[in-house]
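Student: Predicted model, plus sequence, below.
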Amino acid sequence: MDLTSFNDGAQYIAGRPTRSPGGEPFAVVNPANGATVQQVELATAADVDTAVAAARAALPEWSGATPGARSDTLNRLAGLLAEHAEDFARVETAQTGKPIKLSTEFDVPGTVDNTAFFAGAARNLEGKAAGEYSGDHTSYVRREAIGVIGSIAPWNYPLQMAAWKILPAIAAGNTIVLKPAEITPLTSLMFARACTAAGIPDGVVNVVTGAGRTAGEHLIGHPDVAMVSFTGSTAVGKRVAEIATATVKRTHLELGGKAPFVVFDDADLEAAVHGAVAASLINSGQDCTAATRAYVQRPLYDAFVAGVADLYEGIRLGDPLDPRTDMGPLVSFTHRDRVAGFVERARSYATVVTGGAATGKGHDGTDLALGAYHRPTLITGAAQDSEVVQGEIFGPVLVVLPFDSDEEGLRLANDTPYGLAASAWTRDIHRSLRATREIAAGCVWVNDHIPIISEMPHGGYKASGYGKDMSQYSLDEYTQVKHVMFDTTATARKDWHRTIFGDR
Ligand code: NAD
């Protein structure tokens, strides 16, 4: 089975790749060198209608399948994904520029593990125990599928985002139309093909490759879409919520982040420095949970800045397919210019300790000017209310600020509109407990920053959105709960009828 032939079309509808009849041509570009990876066409509103109709048609059979039957197909899917791991990693790296070692060791195995997790979770829908809560009735809950899910995903982890959207939705018996980011649709299309090969019925998983303003907005507003699940920026999330609200749809919003990295003065300095470098540069910093603001207690501040600067300078930029490459380009030239804009403007109000535009050669002789590269960039001396501290840069940029008291460090950590993830670095149990309690974020790590696991929820507080991905919590969000109540008295005149008939 070849999952990587995209020439039959960039829409995957009703179990088949299809070409959009009226779709505008669009080139998926490799940001490492500007070459076209694949020519596709963008979905029109009519393609979205066809995909939603296919999802709707598939709903009765799929939502009526036993959890065990759904679980079987997901187990087969996990096996197929693992079998095609190399293809997935290669295509993911080509369309995003991420280092092959990241695709191979994180994106693909993470997706296989998620699939295996949801194969198990599909058989574990939970609810309150049935019982006689009123004395005159037996009550129980049914946990039911919601319907057709309209999902929209970003470009930073295209395969994992497709998996996070598709798996809980279909494990719970829904059907789905996913719109990946138009610049990175290829591994979502491969994932949909693998679903069909695993025996998931036609129409359960559909992918439309289209632009946000057109295909995306049409999908969210579609009257036959029952729930909208979105991962992307906070600005677009607000627009998605507006459209979904107008048509009374359930929303699940995973939005931007600006994760703080709080280093207390008793922390293991070497661990904190290595942790900050890895957590700020993973996926070239294009990670919604990446460490972006390091707050370091005064006694460790100078050594921390020197340590990070030193390691940043040794990071190997180069061809993403070279297994020695630590950091590839950003996802596109447009995004690289946006990141560079933040850094250039910061020069007027802060200190750029190391980093900036990437010129010259990479570790392997790659001409960095030909790709969307940007060097790991360390900034100090920025005010808490400045753009680099408050705004989501979404690139390989870390800002370091000092703090004095524990109160101050925790207050600064909470002082942005976002609340997706954070970490606290300390050997003191009381400090770590306090930090995990007081930091307002959907995930707080202690003495680490980035790891995620299928069993635990991922999702935001504050402007980082609401709703959880992965874990049993996400499965619950793709279901609705029905209360079923049976009369147990077998009488015509129920006790509560007194509220109408009085004492007659
Ligand atoms: P984006 O918001 O620009 O785009 C996300 C998706 O929305 C894309 O598919 C895009 O085509 C679509 N879109 C754009 N405008 C739309 C509209 N008007 N209506 C409907 N859809 C529209 O985000 P991005 O630049 O692709 O991704 C980066 C962002 O995603 C960052 O803010 C990052 O923090 C966030 N993100 C969050 C999480 C999380 O779990 N919270 C995970 C990954 C990425």
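Tutor: Received it, and whenever you're ready, just let me know what you need.
Student: What's the per-residue pLDDT of whichever residue of the chain sits closest to the ligand here?
Tutor: Nearest residue of the chain to the ligand, counting by C-beta to the nearest ligand atom: residue 212, 2.3 Å away. All C-beta atoms are positioned from the backbone trio N, CA, C, and that covers glycine. We have a pLDDT of 98 for residue 212.
Student: And for it, the neighbour number?
Tutor: 17 (other C-beta atoms under 10 Å).
Student: Now that residue 284 has come up, it's in contact with residue 326, right?
Tutor: No. Using C-beta atoms under 8 Å, residue 284 is not in contact with residue 326, being 9.9 Å away.
Student: higher neighbour count, these two?
Tutor: Ranked by neighbour count (other C-beta under 10 Å), residue 284 and residue 326 place residue 284 first, with 33 against 19.
Student: returning to that earlier point: ok, the closest residue in space to the residue of the chain closest to the ligand that isn't next to it in sequence to residue 142 distance?
Tutor: Excluding its sequence neighbours, the residue lying closest to residue 212 (C-beta to C-beta, 6 or more residues apart in numbering) is residue 236, at 6.6 Å. Using C-beta to C-beta, to the nearest Å, residue 236 is found at 34 Å from residue 142.
Student: Name the residue in the two with the higher neighbour count.
Tutor: A side-by-side neighbour count of residue 236 and residue 142, using other C-beta under 10 Å, places residue 236 first with 19 against 12.
Student: who does the helix or strand the more buried one falls within touch, helix- and strand-wise?
Tutor: Secondary structure from DSSP states H and E places residue 236 in helix 234-246. Judged by 3 or more C-beta pairs under 8 Å, 6 or more residues apart in numbering; DSSP states H and E, the packing partners of helix 234-246 are helix 217-221, strand 227-231, strand 250-254.
Student: Put together JSON lines for those, with distance to the ligand and mean neighbour count on each row.
Tutor: Output for the helices and strands packed on helix 234-246, formatted as JSON lines (distance: least, C-beta to the nearest ligand atom, whole Å; neighbours: other C-beta atoms under 10 Å):
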{"stretch": "helix 217-221", "distance to the ligand": "4", "mean neighbour count": "23"}
{"stretch": "strand 227-231", "distance to the ligand": "5", "mean neighbour count": "26"}
{"stretch": "strand 250-254", "distance to the ligand": "3", "mean neighbour count": "22"}
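Student: JSON lines for these, including mean pLDDT?
Tutor: Output for those, formatted as JSON lines (pLDDT from 0 to 100):
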{"stretch": "helix 217-221", "mean pLDDT": "98"}
{"stretch": "strand 227-231", "mean pLDDT": "98"}
{"stretch": "strand 250-254", "mean pLDDT": "97"}
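Student: Ok, which of these comes nearest residue 99?
Tutor: Residue 99 lies closest, by C-beta to C-beta, to one member of these: strand 227-231, at 22.1 Å.
Student: which intervals of the chain have sub-threshold pLDDT?
Tutor: Judged against pLDDT under 70, the chain has no low-scoring part.
Student: and the nearest residue to residue 365 once chain neighbours are set aside, what is it in contact with?
Tutor: What sits nearest to residue 365 in space, not counting adjacent residues and going by C-beta to C-beta, 6+ apart, is residue 318, at 7.9 Å. Taking C-beta atoms under 8 Å, 6 or more residues apart in numbering, we find residue 318 in contact with 324-325, 328, 362-366.
Student: and the two most separated of the residues you listed?
Tutor: 328 and 365 (15.0 Å).
Student: Tell me which of these two has more neighbours.
Tutor: Shown here are residue 328 and residue 365; by other C-beta under 10 Å, residue 328 has more neighbours (30 against 9).
Student: That one against residue 284, yeah?
Tutor: Yes. The pair residue 328 / residue 284 is scored as a contact, 6.3 Å apart, by C-beta under 8 Å.
Student: any common contacting residues for these two?
Tutor: 97-98.
Student: on that earlier part again, mind checking how far the residue of the chain closest to the ligand is from residue 218?
Tutor: In terms of C-beta to C-beta, residue 212 sits 10 Å off from residue 218.
Student: Please apply the same query to residue 451.
Tutor: Residue 451 is 37 Å from residue 218, by C-beta to C-beta.
Student: Also residue 146?
Tutor: Taken as C-beta to C-beta, the span from residue 146 to residue 218 is 20 Å.
Student: Buried residues, stretch 20-30. List them.
Tutor: Buried residues in stretch 20-30, defined by neighbour count with 16 or more other C-beta atoms under 10 Å: 20, 23, 26, 28-30.
Student: Just those residues: which are in strands?
Tutor: In strands, judged by DSSP state E, the following of the buried residues of stretch 20-30 are found: 26, 28-29.
Student: I'd like those laid out as a markdown table, including distance to the ligand.
Tutor: Below are those laid out as a markdown table (distance: C-beta to the nearest ligand atom, whole Å):
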| residue | distance to the ligand |
| --- | --- |
| 26 | 12 |
| 28 | 13 |
| 29 | 15 |
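Student: Mind putting these into CSV with distance to residue 476?
Tutor: Output for these, formatted as CSV (distance: C-beta to C-beta, whole Å):
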residue, distance to residue 476
26, 36
28, 35
29, 38
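Student: Which residue lies closest in space to the residue positioned nearest the centre of the chain, excluding its sequence neighbours?
Tutor: The chain has residue 161 as the residue nearest its centroid, 4.9 Å off, counting by C-alpha atoms, centre = their mean. Setting aside the residues directly before and after it, residue 161 is nearest to residue 153 in space (C-beta to C-beta, 6+ apart), at 3.9 Å.
Student: Correct me if wrong: the one you found contacts residue 236.
Tutor: No. With contacts counted by C-beta under 8 Å, residue 153 stays clear of residue 236, the gap being 11.5 Å.
Student: what's around residue 359, how many residues?
Tutor: Neighbours of residue 359 (other C-beta under 10 Å): 10.
Student: quick one, what contacts it?
Tutor: With C-beta under 8 Å, 6+ apart, residue 359 has these contacts: 368-369.
Student: Which phi and psi values does it adopt?
Tutor: When read as degrees, to the nearest 10, the backbone of residue 359 gives phi -120, psi 170.
Student: same check, this time on residue 59
Tutor: phi -60, psi -50.
Student: still on that earlier bit, and the helix or strand encompassing the residue nearest to the centre of the chain with strand 227-231, angle?
Tutor: Applying DSSP H and E as the criterion places residue 161 in helix 158-171. Orientation of helix 158-171 against strand 227-231 (axes from the mean of the first three to the mean of the last three C-alpha atoms, to 10 degrees) gives an angle of 160 degrees.
Student: Sweet, I'm off.
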